[in-house]
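[1] Please work out how this folds:
(2 chains)
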Amino acid sequence: MKNLFNILVVLTLVLLGYGFAQAMYIAPTEATMGDVQRIFYYHLPSAWVAFLLFFVNFLASTWYLIRRSNGADALALASAEVGVSFCTIVLLTGPIWARPIWGIWWTWDARLTSTLVLWLIYVSYLVLRNYATGGQVPVLAAALGIFGFVDVPIVYMAIRWFRTQHPQPVIGGGQGSGLHPAMWVAVLWNLAAFVMLAVLFVWTRYKQALAEKALEEAHAQASLDYETEDAQ
Amino acid sequence: MNGAANNNVYLYAAYIVVWTVHVIYALSLVSRNKRMKRESRELSRH
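    You can find the predicted model right below:
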């Protein structure tokens, strides 16, 4: 298993390196925005990876509520945590692109606002997981993960349902939308690299969450043994 | 030309932000691993 992990680390680093080269040097320069459009090659794949991870959290949370499986709970926590880090990147790179292109850092349009709400939902999920105490915390977190996921399709569809400042979709956006094929290559390389990076992060965090649970149980058992010895 | 050069600052800033977030998260995983190993050692010692 350790060998597979190491192979994945090397593969991810190669993909990230090539994705970076694609985004910065190989993809053609966009005609109206210039080089600043290259932010898109990290912004869009980060958003898709965040959506994917929140979907994994939704599935794992559902599984946890059905089976009360520690593995599903650990996967839900890991995917939410890594998803928040990718969603943070989306919320930071978007305004950095918007400033030179729109002349403003932020606007309260449907896409941007629903993305901020999505981030806040999963940050609340992590706050609940990390700071609340009691046996019902994983159940409450699973419920939040399931209902929180409702915002993902709203974020995705926001630019189709509402008039927004955000650019139109690159997939199924109708006439005049879409990407140059060479730009798609850069998007897909970076998507592959970020998916691999997310897999490594989730894998590591999942193992840590399981180990934390085992450690908690061992601590509880040790204090129980201590109290029993004390009573005798 | 000047405008394009100024805009490149935003491009570099965005890439720096992306890598900073990933590196901070990776470091948080490493530090959690170390803390857990330490706790586990302490637990087995008691």
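[2] so who does the residue nearest the centre of chain A touch?
    Ranked by distance to the mean C-alpha position of chain A (C-alpha atoms, centre = their mean), the top residue is A:G83 at 2.0 Å. Counting by C-beta atoms under 8 Å, 6 or more residues apart in numbering or on different chains, A:G83 makes contact with A:49-50, A:53-54, A:56-57, A:122. (C-beta placed from N, C-alpha, C; glycine too.)
[3] how much space is there between it and B:R41?
    Note on A:G83: its distance to B:R41, by C-beta to C-beta, to the nearest Å, is 32 Å.
[4] and chain B, which residues reach chain A?
    Remark: the part of chain B in contact with chain A comprises B:4, B:6-8, B:10-11, B:13-15, B:17-18, B:21-22, B:25-26, B:29, B:32-33, B:36, B:39-40, B:43, B:46, using C-beta under 8 Å from any C-beta of the partner chain.
[5] Let's see which of the residues you listed end up in helices.
    B:4, B:6-8, B:10-11, B:13-15, B:17-18, B:21-22, B:25-26, B:29, B:32-33, B:36, B:39-40, B:43 (DSSP state H).
[6] Could you point out which residue ranges in chain B have low pLDDT?
    Filtered on pLDDT under 70, chain B yields the residue ranges B:1-5.
[7] before we move on, back to that, compare the contacts of A:G83 and tell me which is most surrounded.
    Among the contacts of A:G83, the one with the most neighbours (other C-beta atoms under 10 Å in any protein chain shown) is A:N57, at 30 neighbours.
[8] Return the set of buried residues in the strand or helix carrying it.
    Secondary structure from DSSP states H and E places A:N57 in helix A:40-67. Across helix A:40-67, burial judged by 16 or more other C-beta atoms under 10 Å in any protein chain shown covers A:40-54, A:56-65.
[9] For that helix, what is the distance to the chain centroid?
    Between the centre of helix A:40-67 and the centre of its chain there are 6 Å (C-alpha atoms, centre = their mean, to the nearest Å).
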